[in-house]
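Asks: The amino acid sequence is not available; the structure is as follows:
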Ligand SMILES: CC(C)(C)CN1C(=O)[C@@H](CC(=O)N[C@@H](CC(=O)O)C(=O)O)O[C@H](c2cccc3ccccc23)c2cc(Cl)ccc21
């Protein structure tokens, strides 16, 4: 049968969504009408921007304007980009980016404005960081820089999502006003990814662990994985995990404000995956030898339990208890870790 052209581009967008991240793609497709297409396009636009930021084969002179002007390409019908490196995971998305643009231009104007605004801020933040990283080989320096970088690549996503949820009418307008809570949602996810990806990022010379943290224990970030540094490495890991744990009360408060069930699952699933990952990473030396991931079976179990705030609060309580059990009185952060976990217990 003949498929009308506008259906073809939408189908192609959902095919890209399923190619970029299978498990999360299904969560997006469960979203209610009125918000699903906006989130799908927002996700693909962010993937496109991320593919450019991650591509080390693009020279900074070319990468910087690409990032800063990416939001303008959303209005350029037919725009595509085929200069990504050969092994860039999502290079085909940019080769066919005209399809994303077509669907973007079919969204309600208010959805478009949010996506353009966030893409603009994120692209400029990424460009600022990439330009700075080009000459500052240490990477992220202070805890403040750590929060700023994570704000650009993940906090802004939370702020954008809250606006889209409010505009759709499925969530209250107030949700979009509390940018601090939305920002924390992104920081918690991104910091967990950065802690998990220590080895992978270091091999790509991406240095996201803040110097303010690792310099307490070693002279260089790469020393943490060397023989003889095991105790320092484990205590450094506790410090950066403690940094991530501070965002949990904000995340639970944000989730508690969500009214729409499909939006609740969409927001809760990545959060419970993150706390489960942090509990697995805590006191786990394997973070310095491989990329530690929670088992598929545990993921499936968690996804099925993300139905309401009580279930999610119980999941957070369970994993903070796992962390407390693994906590070690000889660890300089012993007290702070148990306090941070205690705060989660109180919240629940
Ligand atoms: C960097 C990041 C954390 C923002 C990436 N990010 C997420 O991690 C995805 C989850 C995801 O992509 N999981 C992948 C795992 C992976 O690829 O590592 C999977 O296959 O399960 O979730 C986030 C995400 C979902 C829901 C609410 C959010 C609030 C604030 C910030 C981000 C929020 C996300 C929502 C959108 Cl619209 C775009 C990107 C993201």
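Replies: Now that the structure is in, tell me what you want to look at. All of these numbers come straight from a predicted model, not from anything done at the bench.

Asks: Give me the distance between residue 308 and the ligand.
Replies: 16 Å (C-beta to the nearest ligand atom, to the nearest Å). For every residue, glycine as well, the C-beta is placed using N, CA and C.

Asks: Would you list the phi and psi of that residue?
Replies: Backbone torsions of residue 308, given as degrees, to the nearest 10, read phi -150, psi 170.

Asks: Do I have it right that it meets residue 264?
Replies: Yes. Counting by C-beta atoms under 8 Å, residue 308 does reach residue 264; the two are 7.1 Å apart.

Asks: These two: which has the busier surroundings?
Replies: Neighbour count, other C-beta atoms under 10 Å: between residue 308 and residue 264, residue 264 has more, with 20 against 14.

Asks: Give me the nearest residue to residue 270, chain neighbours excluded.
Replies: Counting by C-beta to C-beta, 6 or more residues apart in numbering, residue 270 lies nearest to residue 189, which is 5.5 Å off, once chain neighbours are set aside.

Asks: which helices and strands sit right next to the helix or strand hosting the one you found?
Replies: Per DSSP states H and E, residue 189 falls inside helix 179-196. Helices and strands touching helix 179-196, by 3 or more C-beta pairs under 8 Å, 6 or more residues apart in numbering; DSSP states H and E, are helix 143-150, helix 156-168, helix 230-245, helix 248-257, helix 261-281.

Asks: how about TSV for these, with mean pLDDT and distance to the ligand added?
Replies: As requested, those are exported to TSV (pLDDT from 0 to 100; distance: least, C-beta to the nearest ligand atom, whole Å):
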stretch	mean pLDDT	distance to the ligand
helix 143-150	96	9
helix 156-168	98	3
helix 230-245	98	12
helix 248-257	98	8
helix 261-281	97	4
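
Asks: So for residue 133, what's the nearest residue that isn't a sequence neighbour?
Replies: Nearest residue to residue 133 in three dimensions, chain neighbours excluded: residue 139, at 6.7 Å (C-beta to C-beta, 6+ apart).

Asks: How many neighbouring residues does the one you found have?
Replies: If you count neighbours by other C-beta under 10 Å, residue 139 ends up with 22.

Asks: Kindly report the same for residue 132.
Replies: Residues within reach of residue 132, counting by other C-beta under 10 Å, total 14.

Asks: Quick check: it vs residue 138, distance?
Replies: Distance of residue 132 to residue 138, computed by C-beta to C-beta, to the nearest Å: 10 Å.

Asks: picking that back up, most tightly packed of the helices and strands packed on helix 179-196?
Replies: Burial of the helices and strands packed on helix 179-196 is given as mean neighbour count (mean count of other C-beta atoms under 10 Å); helix 156-168 ranks first at a mean of 23.

Asks: does the ligand sit close to whichever helix or strand comes after it?
Replies: The helix or strand immediately downstream of helix 156-168 is helix 174-177, counting by DSSP H and E. No. Against the ligand, helix 174-177 shows no contacts by C-beta under 6 Å from any ligand atom, the least distance being 11.2 Å.

Asks: what comes into contact with helix 174-177?
Replies: The contact list for helix 174-177 (C-beta atoms under 8 Å, 6 or more residues apart in numbering) reads 159, 162-163, 165-167, 182, 257-258.

Asks: for stretch 194-212, same thing?
Replies: In contact with stretch 194-212 (C-beta under 8 Å, 6+ apart) are residues 56, 137-143, 145-146, 149-150, 221-222, 224-225, 237, 240-241, 244, 277-278, 281, 287-293.

Asks: Only the buried residues of that stretch, if you could.
Replies: 194-199, 201-202, 207-212 (16 or more other C-beta atoms under 10 Å).

Asks: So is it next to the ligand?
Replies: No. Stretch 194-212 does not reach the ligand (C-beta under 6 Å from any ligand atom); its nearest approach is 8.9 Å.

Asks: centre of the chain versus that stretch, how much separation?
Replies: Computed by C-alpha atoms, centre = their mean, to the nearest Å, the chain-centroid distance of stretch 194-212 equals 15 Å.

Asks: before we move on, what about stretch 296-312?
Replies: Here stretch 296-312 is found 19 Å from its chain centre; the criterion is C-alpha atoms, centre = their mean.

Asks: Report the buried residues of that stretch.
Replies: In stretch 296-312, counting by 16+ other C-beta under 10 Å, buried: 299, 302-303, 306, 309, 312.

Asks: With pLDDT, distance to residue 116 and secondary structure added, can I get those in TSV?
Replies: TSV is the format used below for the buried residues of stretch 296-312 (pLDDT from 0 to 100; distance: C-beta to C-beta, whole Å; DSSP: H, G, I helix; E, B strand; the rest coil):
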residue	pLDDT	distance to residue 116	secondary structure
299	88	33	helix
302	90	34	helix
303	89	31	helix
306	90	30	coil
309	97	32	helix
312	97	32	helix
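
Asks: which pair in those spans the largest distance?
Replies: Largest separation among the buried residues of stretch 296-312 by C-beta to C-beta: 299 and 309, giving 20.2 Å.

Asks: All set, thanks.
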